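Engineer: For reference, the sequence and a predicted model appear below.
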Amino acid sequence: EPEVTQTPSHQVTQMGQEVILRCVPISNHLYFYWYRQILGQKVEFLVSFYNNEISEKSEIFDDQFSVERPDGSNFTLKIRSTKLEDSAMYFCASSDTLAGSYEQYFGPGTRLTVT
Amino acid sequence: GNSVTQMEGPVTLSEEAFLTINCTYTATGYPSLFWYVQYPGEGLQLLLKATKADDKGSNKGFEATYRKETTSFHLEKGSVQVSDSAVYFCALIALTGFQKLVFGTGTRLLVSP
C-alpha cells in the first residue's frame, strides 16, 4: 500500500541552525501539507502546497519557514534559523483531490529537537 | 473560526469495556469530520470519517455519527482491546479554502488486560 515517508525520523540541531525536513508524498497525490505537534499539544496546520505554490499557510508559518518541491517526488520544509520553540514533531501529509474524499495521508513524522 | 473540542484524557478502561470519546466542533457551513489514531511511536492514521449530517463512519469496530444538531462526532467502540491503546484525534475540514485539517487536542486511551 502506498505511504508517505519522512526523513530523518529524528533531527537534533542547535538554535540558529538551518534544518530541512524531507517528505516523499504518495506518488499520484497533488496536494501536500505540513503539520506540527509540540509535545503534549494538538496537531497544528502549518502550510498547504498545490501546483508548485503555497495555497494556504497559518500564522505559525512565518518568514523562517519555507517549502519546496525540488523534484517530482520530494516535498521539503526548511526552517532557516531554528528556535527552541520549533522543537516538535513535524508531519507531512498528502491527498489526491481537493474536492472528494478529503482524506489526507500522514507520514510517520520527524521529531525535531532544538537545543 | 473553526475548532474541535475533545474530552480530556487519559481514558483508562479494562479490556472489553465500552468506549466513548466525546468530540464537538464549531465550523462555518458543513464540515467533513474525521477521527485519526496515533499509536505509540507512529504517525497519524485515518480511523474513520463522515462527510455529511447523519453519516456514520465505521472501521475496526469503531463508529462515529455526524450529528449536526448537536455539532458532535463522538467515537464509540463496543468492546475495546489492549491493542486499541493509542491517542485519538477528532478533526474537521471546513469546506472552504484548501482543506486544512483542524484537530482537537487528542485523547489518550489506555486499555488494560
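Structural biologist: Great, that's in hand.
Engineer: Just the mean pLDDT for stretch B:1-8, thanks.
Structural biologist: Stretch B:1-8 comes out with an average pLDDT of 90.
Engineer: buried residues in it?
Structural biologist: By neighbour count with 16 or more other C-beta atoms under 10 Å in any protein chain shown, stretch B:1-8 contains the buried residues B:2, B:4, B:6-7. Yep, even glycine has a C-beta here, placed from its N, CA and C like the rest.
Engineer: before we move on, what about stretch B:6-17?
Structural biologist: Neighbour-count burial for stretch B:6-17 [16+ other C-beta under 10 Å]: B:6-7, B:11, B:13.
Engineer: That one and chain A, any residue contact?
Structural biologist: No. Judged by C-beta under 8 Å from any C-beta of the partner chain, stretch B:6-17 makes no contact with chain A; its nearest approach is 8.9 Å.
Engineer: Over to stretch B:58-73?
Structural biologist: No. Stretch B:58-73 lies apart from chain A when judged by C-beta under 8 Å from any C-beta; the minimum separation is 12.2 Å.
Engineer: end-to-end on that stretch?
Structural biologist: With C-alpha to C-alpha, to the nearest Å applied, stretch B:58-73 spans 12 Å between its terminal residues.
Engineer: So residue A:65 versus chain B, what's the distance?
Structural biologist: 15 Å (C-beta to the nearest C-beta, to the nearest Å).
Engineer: can you pull up the bridge partners for that residue?
Structural biologist: Residue A:65 has these beta-bridge partners by DSSP bridges: residue A:79.
Engineer: likewise the one 10 residues further on?
Structural biologist: When bridges are taken as DSSP bridges, the partners of residue A:75 come out as residue A:23.
Engineer: Would you agree it is in contact with residue A:67?
Structural biologist: Yes. Counting by C-beta atoms under 8 Å, residue A:67 is a contact partner of residue A:75 at 7.0 Å.
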